[in-house]
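> Here is my input, please return the structure:
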Amino acid sequence: MNEFVPTPEQQRLIDEAQRAREEALRNPQPPRGRPLRDSQYAIGLTADYELQPGGGRPAPPPDPDTPPRPSLDVRLDRAAGALIGAACGDALGVPYEFQPRLAADQTPVMRGGGLGPYAPGEYSDDTQMQAVIARVAASGLELDGEPAQRAIAEGFIGWLAGGASDVGAQTRQVLSTARAGGGDPLAAVRAASRAVHEQTGRSAGNGSLMRTGVVGLAFLNGDDAYYRCRDAALAISGLTHFDPLAGDACVLWSEGVRQAVLHSTPGLWRFGGVRNAVAFLPIERRQQWSEWLDEAEAKEPYEFQPNGFVVPALQAAWSAIYHTRIPERPEDHFRLALEAAVRAGDDTDTVAAIAGVLLGAAWGRAAIPEEWQRVVHGWPGLDAEGLAELAARIIA
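Here you go, the predicted model:
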């Protein structure tokens, strides 16, 4: 992950989003009671969304009635798949970060190196930060509450001091400032995040999206789960990335992971939660995000470069998932799509980690190649089994 420097067009979008956020702060709407959410938050796949690309018969839409809930064993497999999938994507992308882009006929391998340098199979800051959030979620604290967010902030500061590798410039600046300031870690991190944004105008990098998938695992139960997931994704993104576009992306991906774990739908419909979550965003940005997803479905992953900005990072990951056809053995879609994410180039470990958490949630741990699971590992002393144990504790 590198420092994000926006193009003029990206800066225009960031400025528009920031003006909308400032307007919302000046004219706050009355809070909604949690039991009473209106139709703008209703969940339902868009019936016109063709989820099998490249021709052929599209997957049928899900039953309009509530689909059956998958068994606990299935949910455990998918939750483990999410965390292990993110770690495998991260480790697979590490050797190719900011290197010449792989050709279509080249297969990425977990050979280590990169900016660490890393051992073969070792994941980087993308999964390290996700592990901090996962450990807090596994402790039983609710991620949409301040006690959990305080623990995450404290965990991030401790990670920077004792285990971080290859840290993005923006994240390092926020956490270093918060650590130097002392006091309440949550207040310090929030203040530093806002200050960095106000000083630079550039806080819509991909560094909060890369770690957000675990948020979706924490909200699999309850009628209010979908907007609690949204609130937690926004708050945890904002700890280091104040810009509302970064928060939007985290809402889309966290809800995508949440719905993927719970899906009972065929084909690429299992990824439909990302599209659903557009309805959870502020109304003034929904159309733009729909168009960005449309663009990702119209272009190949490598066309979204540079991808340090959160929007092309999400688009590259979504494009890799969308454009990889489901093969005769459907679970092979996990591997093929993750390899396509690495071939997107540029910030390869981050794009592949973003794709990996959603792919793993959709297809489950059973779809992840055994040879990857045997070698994947990283701070704080986690391997595939350790990540699976964390996932099980989160959804217990």
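
> Enumerate the positions of the biggest helix by length in the chain that are buried.
Ranked by number of residues, the top helix in the chain under DSSP state H is helix 72-93. By 16 or more other C-beta atoms under 10 Å, the buried positions in helix 72-93 come out as 74-93. For the C-beta atoms, the positions are set from N, CA and C on the backbone; glycine is no exception.

> Where does the prediction get shaky in this protein?
1-6, 10, 14-67 (pLDDT under 70).

> in it, which spans are strands?
Assigned by DSSP state E, the strands in the chain fall at 377-378, 382-383.

> Let me have these in TSV, adding mean neighbour count and distance to G273 as columns.
As requested, those are exported to TSV (neighbours: other C-beta atoms under 10 Å; distance: least, C-beta to C-beta, whole Å):
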stretch	mean neighbour count	distance to G273
strand 377-378	24	27
strand 382-383	20	26
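
> any chance of those strands in CSV, plus distance to L314?
Listed next are those as CSV, based on distance: least, C-beta to C-beta, whole Å:
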stretch, distance to L314
strand 377-378, 23
strand 382-383, 25
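
> between the ones you listed, which one is nearest to P70?
strand 382-383 (25.3 Å; C-beta to C-beta).

> That closest one pairs with which strands?
Take DSSP bridges as the rule and strand 382-383 pairs in its sheet with strand 377-378 (antiparallel).

> What is the distance between the partner strand and the centre of its chain?
Its chain's average C-alpha position is 19 Å from that of strand 377-378, according to C-alpha atoms, centre = their mean, to the nearest Å.

> and for that strand, what are the contacting residues?
87, 90-91, 119, 121-124, 127-128, 131, 383-384 (C-beta atoms under 8 Å, 6 or more residues apart in numbering).

> how close does R343 get to A104?
According to C-beta to C-beta, to the nearest Å, R343 and A104 sit 7 Å apart.

> So for these two, which sits in the more crowded spot?
Neighbours per residue, other C-beta atoms under 10 Å: of R343 and A104, the larger number sits with R343, 25 against 9.

> Surely the more buried one is in contact with F304?
No. R343 sits out of contact with F304 when judged by C-beta atoms under 8 Å, with a separation of 11.8 Å.

> and D144, what is it in contact with?
By C-beta under 8 Å, 6+ apart, the contact list for D144 reads 219, 228-229, 231-232, 235.

> E370 - how many residues pack around it?
Going by other C-beta under 10 Å, the residues that sit close to E370 add up to 8.

> State the distance from it to S264.
Applying C-beta to C-beta to E370 and S264 gives a distance of 26 Å.

> could you dump stretch 351-364 to PDB, C-alpha only?
C-alpha atoms of stretch 351-364 as PDB (Å, rounded to 0.1, in the frame of the first residue of the first chain):
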ATOM      1  CA  VAL A 351      -6.400  -5.400  -4.300                       C
ATOM      2  CA  ALA A 352      -6.000  -9.200  -3.800                       C
ATOM      3  CA  ALA A 353      -6.700  -9.000  -0.100                       C
ATOM      4  CA  ILE A 354      -9.900  -7.000  -0.800                       C
ATOM      5  CA  ALA A 355     -11.000  -9.500  -3.400                       C
ATOM      6  CA  GLY A 356      -9.900 -12.500  -1.200                       C
ATOM      7  CA  VAL A 357     -12.100 -11.700   1.800                       C
ATOM      8  CA  LEU A 358     -15.200 -11.500  -0.400                       C
ATOM      9  CA  LEU A 359     -14.300 -14.600  -2.400                       C
ATOM     10  CA  GLY A 360     -13.600 -16.500   0.800                       C
ATOM     11  CA  ALA A 361     -16.900 -15.500   2.400                       C
ATOM     12  CA  ALA A 362     -18.800 -16.600  -0.700                       C
ATOM     13  CA  TRP A 363     -17.100 -19.900  -1.500                       C
ATOM     14  CA  GLY A 364     -15.800 -20.900   2.000                       C
END
